[in-house]
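Visitor: The sequence and its predicted three-dimensional model are supplied below.
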Amino acid sequence: MIEYINIFVKAIFIENLVLAYFLGMCSYLAVSRTINTSAGLGLAVIFVLGITVPVNYLIENYILAKGALQWLSPQFAEVNLSFLTFILFISIIAAMVQLVEMIIEKFSPTLYSNLGIFLPLIAVNCAILGGSLFMQQRNFVNIGEAATFGVGSGAGFFLAIVGIAAIREKIRYSNVPAPLRGLGITFIITGLMGIAFMSFMGIQL
């Protein structure tokens, strides 16, 4: 249980996809104008990462990796399909994003309209693919750890985008120097948030 908590907390605070690796910045900067829209995108990212990371874990360990097909027959022990990693990972991500898009359009047309082009662009969001590729590097021992990492990574994205949206709503009423208004001050605040999140690196679980 402690291992799952460790993976979850690290994915949110220490290895945050946005604030530690600066992945998914296009959606992060474009959608974070209001808290409601940011929260909607953040929840969509949690759902997509929570599904795609464990699914891609199964694909990696039972289809793509060298010897992964040995469960079919011993003669496939030397087969290595890792060259298909990007194609299959992105295909799974695109399918999940399409599902999320249909659900949001059905139950929240306003949010669907506010997210606009950035909802289907989750399919090519480097934070989403990055979650699956980081999962490969970490060599999780079971699908439970992979799923925990996926949900934690999504929660980290949610926290980052809602946090910057809340700050951007507040600074509309602040006296920001003209050259820094808009993306300028947003980049500065993002950098400061990244530095602040570095303080969590001392957490010991």
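Guide: Right, received. Where do you want to start?

Visitor: residues near the closest residue to Ala11 other than its chain neighbours, how many?
Guide: Nearest residue to Ala11, sequence neighbours excluded (CB to CB, 6 or more residues apart in numbering): Gly152, at 3.0 Å. Placement of C-beta: from N, CA and C, glycine included. The number of residues packed near Gly152 is 28, by other CB atoms under 10 Å.

Visitor: Helices along the protein, start to end?
Guide: 2-9, 25-31, 35-59, 85-107, 109-115, 126-138, 143-171, 183-197 (DSSP state H).

Visitor: Skipping adjacent residues, who's closest to Ser38 in space?
Guide: Using CB to CB, 6+ apart, the closest residue to Ser38 is Ala165 (3.8 Å).

Visitor: again with Cys126
Guide: Nearest to Cys126 is Leu23, by CB to CB, 6+ apart, at 4.8 Å.

Visitor: Please give the number of neighbouring residues around that neighbour.
Guide: Leu23 has 22 neighbours, counted by other CB under 10 Å.

Visitor: which of the residues in the worst-scoring helix or strand of the chain on mean pLDDT are buried?
Guide: The helix or strand of the chain with the poorest confidence is helix 109-115; it has a mean of 83 (mean pLDDT, DSSP states H and E). By neighbour count with 16 or more other CB atoms under 10 Å, helix 109-115 contains the buried residues 111-112, 114-115.

Visitor: Low-confidence ranges, the chain, go.
Guide: 123-124, 202-205 (pLDDT under 70).

Visitor: And the residue of it positioned farthest from its centre, how far from Asn16?
Guide: In the chain, counting by CA atoms, centre = their mean, Gln75 sits farthest out from the average C-alpha position, at 37.2 Å. Here the criterion is CB to CB, to the nearest Å. By it, Gln75 lies 44 Å from Asn16.

Visitor: Could you do Leu183 as well?
Guide: 20 Å.

Visitor: what's the answer for Arg33, then?
Guide: For Arg33, the distance to Asn16 - CB to CB - is 21 Å.

Visitor: Cheers, nothing more for now.
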